[in-house]
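Undergrad: 3D, please:
(3 chains)
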Amino acid sequence: MSSRVNWKYFLLVVPTIIYVLALSIYPALSVVYQSFQTPSGHYTVSNYTALGYYGLQSALIDTLIVSIAALVLQLFLALFIAMIMMKPFKGSKAFSTIVVVPFGVATVVSAFVFSQIFSPVGGYANSFLVGFGLNPVNWAGTSVTQLGIVVFSDYWKNTPLVALILFSGLSGLSPSMFDAATVDGAGPMRRFLHITLPNMAPIMSIALLIRGVSEFNIFALPLVLIGYHPPLINTLVYEFYTTTSGTIYYSYAAATILLVIIMVYAMFVLWRGGAKNYAL
Amino acid sequence: MTAKLELVEVSKSFRSKQVLKKLSLEVEDGEFLVILGPSGMGKSTLLRSIVGIEPVDGGKVLVDGEDVTNRPANKRNIAMVFQNYALYPTMSVYKNIAFPLKMAGYTRDKIDKKVREIAETLKITEALSQNVTTLSGGQKQRVALARALVRDPKLFLLDEPLSNLDARVRYAARQELKTLQRELGHTFVYVTHDQAEAQTLADRVAVLHNGNIEQIGTYEDLYEHPGTEWLGDFLGDYPMNFINGSLVGKDGYNVGFRTNWISEGKAGLKSEVELCQATDVGYFVSCTIDGKPIVVQTSRKYKIGAEVKFSLERFNLYKDGKLEEGTTE
Amino acid sequence: MPSKVNYATYIGAVLLAIIFLYPLYILFMITFVPTFYTFGQLYPPQLPMGFTLSNVYQSITQLNLIKPVFRSTIVAFIVGGLSLVLGIPAAYGLSKLGARVSNKIIVLLFLINMMPGIVVAIPISVDFLSLGLANIYGVALAQELVVLPLSVFIMLGGFRALPRDLENQARVDGASLGTTMLRVLIPLNRAPIIVAFLLSWMTSWDEFTYAVIISPTSSTFPVQLYNYVTRGVPYEASAISLIVTIPVIIIAAVLQKYLKSQYLTGGMTI
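TA: Below you'll find the predicted structure:
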């Protein structure tokens, strides 16, 4: 075939491209534009300056902490799951069903279940602690415990996807490479460090990209689990949006900041992970 | 450092399929043993059991008289070259070769010295800093060899190491491998389905069939006097011809003969030529005798449909599929 | 030694299985165990102390359950269907465009897909209001944005894997492009198409951000559930949670064989 692209086939893709562009670029531009507007239609930066007063900085930092902590937790769990899924053992089918199935559980349902587990009164986490003779924890008591339960609760719904991505990466590696390492004298730990991790780096960066972005957009889970306090970016935006009409412009400003952060992050991971890893 | 390898009644099953059935085998110190067999007969499983990646269900693996059956693969000091080389794609050639030494806890200086030595021997010094994914097939095979040889293993196992090479490269690599083994004096156990490799490389050939060693010996020995009809059929470019003994006055036996064990033109056996194939060493004539397909080597060309006559110069006698008596030249 | 490795594998597998089953187990417990043993205790027992259907009964009779679940179902089918209507031609077209062009388009779609939901949802909620789309249909249109790139990607992998000669053969045999698609390409590519549909369906079933912002009233069940939870009717909420979870758990279990293969990373090479 010649290098000339047959543009007839491009026409088939056009509706999808238009759909996606129209529903994303246009709203994004309008958010950015309106974030510099007053309710009466004048140009202003006061929407941004006001955000400081409403605790934007701490919301940013908290979102960052929650995202990183949740990513690390999920990556570790997922790596273990993927490695166990690779092993042939009796019950491996049941195992992979059990760990994959939460992928289908709705975020709100997951959040509801964990709100019951971490409820200060009648919570199952505390009944566990008390059962082992430890002191119960008032999970809603401090920002640290509140953010902690958000990080923890996120594993259920979101680890399966990471595990599936890592599994498909692991199954792409040649098994004889691991055999060779064993013969070369490497035990399980050193096989993991010298063979598994370096070979999995590209696919792990894919998982980081996909999950990192949605982690930063975490919304329904904290909304159900801890409400608006301490605020994360999305809950802050939503709070501005739902309360009074005057603050909707604050929500535009906060959303713009979120947009910029996500774009920077995506560029960073694409650049660090090497664009070639995404078959570009 | 070299070693003697002994397998005593080694068994291995996958689910209900028994791949190795109480297989026993002795490999002498410094010997080049080729394990030959059709695909899917458990050749690789045998190697993997020796090296320890595949646990055996029963029997013993002895290295220099020491029982290593329950020792993990990373502690056996047996080296292995895998069919697809299994190089580590994230490491350079140098790091690949250095890996077993690093695992054995050698110092940096010693690792460097040994890696460069072996690279010199295998003529891959130039490639040391390269990424293994950029290497040619032949180079990859050398790196895999270097990685296996670098730590002076007691035993050296090779799983069809030449099968992924182009025909030409393979031929050269075969010769090099033989020279290398003779110089180093290591014990080699080499698995292949390629009879030409067995012919060139082996001190002795062990033929694997149905989970056991069908026969072990020099290639010539196996070729001339295959212990079973199956082996006669399996070994050689052309399978051994088998006819009913009554046709040549050997009632009660099956008579086996190679294509060139005949004398052409003399009365005895005759048949109609079905195919006459010209080769470097003469003509190969296919015909049917007593319902059995026969191929004989002739010095002149026959037309299809003509009559070919020959008598047997020598033959082996088989009863119930087993060799009873063999004649020699 | 090998038995020791298996031992470690089993311990790991069992521990992880417990971690992943526990929340589901709790959901079952707070649904089917009398509230006296669950919400009624300061430190509720970890084991079921009784069985009752009254929680389920109460939530069905007292809460408006059926309508939001019904609306969610409609939305999920619209989103899944739209994924195929838009996605199949796009995936087929991309498979014909050659890797250089098509990969660029796919990456563009995925990059846009990273756009935070709330950034898109807030401005379009205003526009949808004036367009009369501040309802579940508007929600479906917005959710489609989330699922379309992945759907196209999954189906693209399928179309790329089909032998080119098959299509040529159909064309030589006199079939038009449309007939070739319907009779040859789509049937052969049905596994990725089904996977794309079910993933879209599941994503929509789960989606909250667009639903709550575009259609805050008479919305899909995640929004309704959120309202119940914040209103403080937990055991009724547990029943609706369980009911809506069962179908997706079944879908996820059926899908896992496909999810485990290359569909998620599809055309990506490492």
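Undergrad: going forward, measure contacts between C-alpha atoms and count neighbours the same way
TA: Fine.
Undergrad: and the residue nearest to C:Asn135 when sequence neighbours are not counted, how many residues sit next to it?
TA: Spatial nearest neighbour of C:Asn135, chain neighbours left out: C:Ser215 (4.9 Å); criterion: C-alpha to C-alpha, 6 or more residues apart in numbering or on different chains. Per other C-alpha atoms under 10 Å in any protein chain shown, the neighbour tally for C:Ser215 reads 21.
Undergrad: what's the answer for C:Val14, then?
TA: 13.
Undergrad: how much space between it and chain B?
TA: 24 Å (C-alpha to the nearest C-alpha, to the nearest Å).
Undergrad: just the CA coordinates of stretch C:12-31, formatted as CSV?
TA: C-alpha atoms of stretch C:12-31 as CSV (Å, rounded to 0.1, in the frame of the first residue of the first chain):
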residue,chain,number,x,y,z
GLY,C,12,-1.0,-14.4,49.5
ALA,C,13,-4.1,-15.5,47.4
VAL,C,14,-6.2,-16.1,50.5
LEU,C,15,-5.2,-12.9,52.2
LEU,C,16,-5.9,-10.8,49.1
ALA,C,17,-9.2,-12.7,48.5
ILE,C,18,-10.3,-11.8,52.1
ILE,C,19,-9.4,-8.2,51.6
PHE,C,20,-11.4,-8.0,48.4
LEU,C,21,-14.4,-10.0,49.6
TYR,C,22,-14.7,-8.3,53.0
PRO,C,23,-16.5,-5.1,51.7
LEU,C,24,-19.0,-7.3,49.8
TYR,C,25,-19.5,-9.4,52.8
ILE,C,26,-20.2,-6.3,54.9
LEU,C,27,-22.7,-5.2,52.3
PHE,C,28,-24.5,-8.5,52.5
MET,C,29,-24.5,-8.4,56.2
ILE,C,30,-25.9,-5.0,56.7
THR,C,31,-28.6,-5.9,54.2
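Undergrad: buried stuff in that stretch?
TA: For stretch C:12-31, a neighbour-count test (16 or more other C-alpha atoms under 10 Å in any protein chain shown) marks C:13, C:16-17, C:20-21, C:23-31 as buried.
Undergrad: in stretch A:81-98, what's buried?
TA: In stretch A:81-98, counting by 16+ other C-alpha under 10 Å, buried: A:Ile81, A:Ala82, A:Met83, A:Ile84, A:Met85, A:Ser92, A:Phe95, A:Ser96, A:Thr97, A:Ile98.
Undergrad: Run through the residues of the stretch 151-280 of chain A sitting next to chain B.
TA: Contacts of the stretch 151-280 of chain A with chain B, taken as C-alpha under 8 Å from any C-alpha of the partner chain, map to A:174, A:176-177, A:179-187, A:195, A:198-199.
Undergrad: If any of those residues are buried, put those into a PyMOL selection.
TA: Selecting only the buried entries of those in PyMOL, with 16+ other C-alpha under 10 Å as the criterion:
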select buried, chain A and resi 177+179+180+181+182+183+184+185+186+187+195+199
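Undergrad: B:Gly321: which of the residues of the stretch 151-280 of chain A next to chain B is nearest?
TA: When those are ranked by distance to B:Gly321 (C-alpha to C-alpha), A:Ser176 comes first, at 38.6 Å.
Undergrad: Next, give phi and psi for B:Leu157.
TA: When quoted as degrees, to the nearest 10, the phi and psi of B:Leu157 stand at phi -110, psi 140.
Undergrad: check contacts around it.
TA: B:Leu157 makes contacts with B:Leu47, B:Val51, B:Ile78, B:Ala79, B:Met80, B:Val81, B:Phe188, B:Val189, B:Tyr190, B:Val191, as judged by C-alpha atoms under 8 Å, 6 or more residues apart in numbering or on different chains.
Undergrad: Now flag whichever of those is closest to A:Ala207.
TA: Relative to A:Ala207, and with distances defined as C-alpha to C-alpha, the nearest of those is B:Val81, at 33.7 Å.
Undergrad: Could I get the contacting residues of the closest residue in space to the closest one that isn't next to it in sequence?
TA: Of all residues not flanking B:Val81 in the chain, B:Leu158 sits nearest, at 4.7 Å (C-alpha to C-alpha, 6+ apart). Applying C-alpha under 8 Å, 6+ apart to B:Leu158 gives the contacts B:Met80, B:Val81, B:Phe82, B:Gln83, B:Phe188, B:Val189, B:Tyr190, B:Val191.
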